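1. Sequence and predicted structure are below.
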Amino acid sequence: MELDLKYVGTILKPHKTRVTWRQTTNYAASIKDSNPYYFDDEQKGGLVAHPLFPVVVNWPIIENISEFIIDQNFPQHFLARGVHYSEHIIVHRLIKPKDRLQIEGQIAAIKPHRAGSHFIGEFKATDRKGYRVFTEYTGMMLRGVKCSPEGAEISNLPTMPSYLDNKWQGKPEWVENIFIDQCLPYVYDGCTNIVFPIHTSPKFAHSVKLPGNILQGTATLAIAVSSIINRESGGNPSNVKEIYCQFTGMVLPGTEIKLQVLKKIVNENEITIYFNVVNHIEKKAISNGVLKLNNV
């Protein structure tokens with residue numbers, strides 16, 4: 001099975017949505033982040049959404065991606081082999097309740113990987129005035145699906161600064177241990193409507209050779225981002241500029257994860273924080289994490 005590189009640049013059908021305050025507050029509640037920026041609707045400027053909230057906005061596209069790919073010749077059956085592998089969000093401004101967003105997407109890259117093909121979608125969200133709100137690059141690993149060794153990508157595909165944690169040696173700048181309770185995958189599922197049975201059905205998870213239901217990768221990432229915001233940004237999510245990571249391991253409910261901030265680089269305009277998340281068996285659940293903050 002081989003995926004043709006000619007599909008890079010294929011346009012997706014646009015998607016329109018209206019954000020509600022229940023969606024944004026529910027998202028923060030689902031990861032137990034009580035930051036008043038997400039809940040205090042009496043604050044000046046009103047509520048804002050968590051920086052990971054774009055994953056909720058784009059989920060109807062990801063969940064039904066075959067319906068959004070305009071090219072009728074695209075081999076849809078390859079998508080059934082996909083698992084969430086990478087996440088990259090550029091925050092132009094935080095989403096707010098009552099935002100009316102239009103999402104325009106395309107297939108941004110098809111790259112070879114030892115496990116198959118790294119398939120990346122680009123999703124650009126604009127508001128009613130045409131201003132960019134966020135850009136999300138969601139990467140799926142198409143397991144067992146080959147592509148040409150050279151791969152292909154759109155001309156302006158952004159990259160993140162290289163500080164690969166699998167080559168990192170030394171002592172983290174700081175570490176936080178976080179317990180993941182048994183209910184969290186179900187709460188995250190219900191509050192976000194990001195639904196897939198490996199997260200909420202032990203029976204289904206066992207049927208695909210998993211040890212049990214596992215926490216959603218974006219939930220693990222959101223928890224890590226929240227902790228970094230609280231410690232490195234004074235709790236202010238408006239300073240978040242960019243988020244990147246790879247999902248490389250499982251988090252089981254009822255276990256403890258370890259957020260490790262490996263390095264922090266500060267310059268005049270921004271702070272770049274490199275991190276990973278280790279699961280209960282010391283395997284990296286999140287690798288090569290990068291969070292960029294405005295330095296204000």
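-> Structure received.
2. Now do the strands in the stretch 1-150 of the chain.
-> Secondary structure of the stretch 1-150 of the chain by DSSP state E, counting those that start in this stretch: the strands cover 15-18, 82-91, 100-113, 116-126, 132-143.
3. packing partners for the longest one?
-> Strand 100-113 makes packing contacts with strand 15-18, helix 54-63, strand 116-126, strand 132-143, strand 152-153 when contacts are defined by 3 or more Cβ pairs under 8 Å, 6 or more residues apart in numbering; DSSP states H and E. For glycine as for every other residue, the C-beta is placed from the backbone atoms N, C-alpha and C.
4. Can you list the neighbours in contact with the shortest one?
-> The one in question is strand 152-153. Leu5, Val8, Ala108, Ala109, Ile110, Lys111, Ile120 (Cβ atoms under 8 Å, 6 or more residues apart in numbering).
5. Assign Leu262 to helix, strand or coil.
-> strand (DSSP: H, G, I helix; E, B strand; the rest coil).
6. for the strands of the stretch 1-150 of the chain, which one sits closest to Val261?
-> Ranking the strands of the stretch 1-150 of the chain by proximity to Val261 (Cβ to Cβ) places strand 82-91 first, at 18.0 Å.
7. Run through who's touching that closest one.
-> 51-52, 54-55, 118-120, 134-143, 158, 160, 217-218, 221, 240-247.
8. about what we covered before: let me have the helices and strands packed on strand 100-113 in JSON lines, extended by distance to Val296.
-> Output for the helices and strands packed on strand 100-113, formatted as JSON lines (distance: least, Cβ to Cβ, whole Å):
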{"stretch": "strand 15-18", "distance to Val296": "30"}
{"stretch": "helix 54-63", "distance to Val296": "22"}
{"stretch": "strand 116-126", "distance to Val296": "24"}
{"stretch": "strand 132-143", "distance to Val296": "20"}
{"stretch": "strand 152-153", "distance to Val296": "33"}
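9. Looks like Phe68 contacts Asn58 (just checking).
-> No - assessed by Cβ atoms under 8 Å, Phe68 is found out of contact with Asn58, at 10.3 Å.
10. Need the overlap of contacts for the two.
-> By Cβ under 8 Å, 6+ apart, the residues touching both Phe68 and Asn58 are His15.
11. Which one's more surrounded, the two?
-> Asn58 (23 against 19; other Cβ atoms under 10 Å).
12. What lies in contact with stretch 231-241?
-> Contacts of stretch 231-241 (Cβ under 8 Å, 6+ apart): 35, 37-38, 48, 50-51, 90-91, 94, 174, 176, 225, 229, 261, 264, 270-271, 273, 291-294, 296.
13. Show me what counts as buried in it.
-> Of the residues in stretch 231-241, Glu232, Ser233, Asn236, Pro237, Ser238, Asn239, Val240, Lys241 count as buried by neighbour count, 16 or more other Cβ atoms under 10 Å.
14. ok, so of those residues, who is nearest Cys191?
-> Pro237 (17.5 Å).
15. what's the nearest residue to Ser34 if we skip its chain neighbours?
-> Closest residue to Ser34 apart from its sequence neighbours, by Cβ to Cβ, 6 or more residues apart in numbering: Ala28 at 7.6 Å.
16. now swap in Ser30 and tell me
-> Ser30 sits nearest to Cys191 (Cβ to Cβ, 6+ apart), 3.6 Å away.
17. State the mean pLDDT of the helix or strand where that neighbour lies.
-> Per DSSP states H and E, Cys191 falls inside helix 184-192. For helix 184-192, the mean pLDDT works out to 97.
18. Since that was my last question, I'll sign off now.
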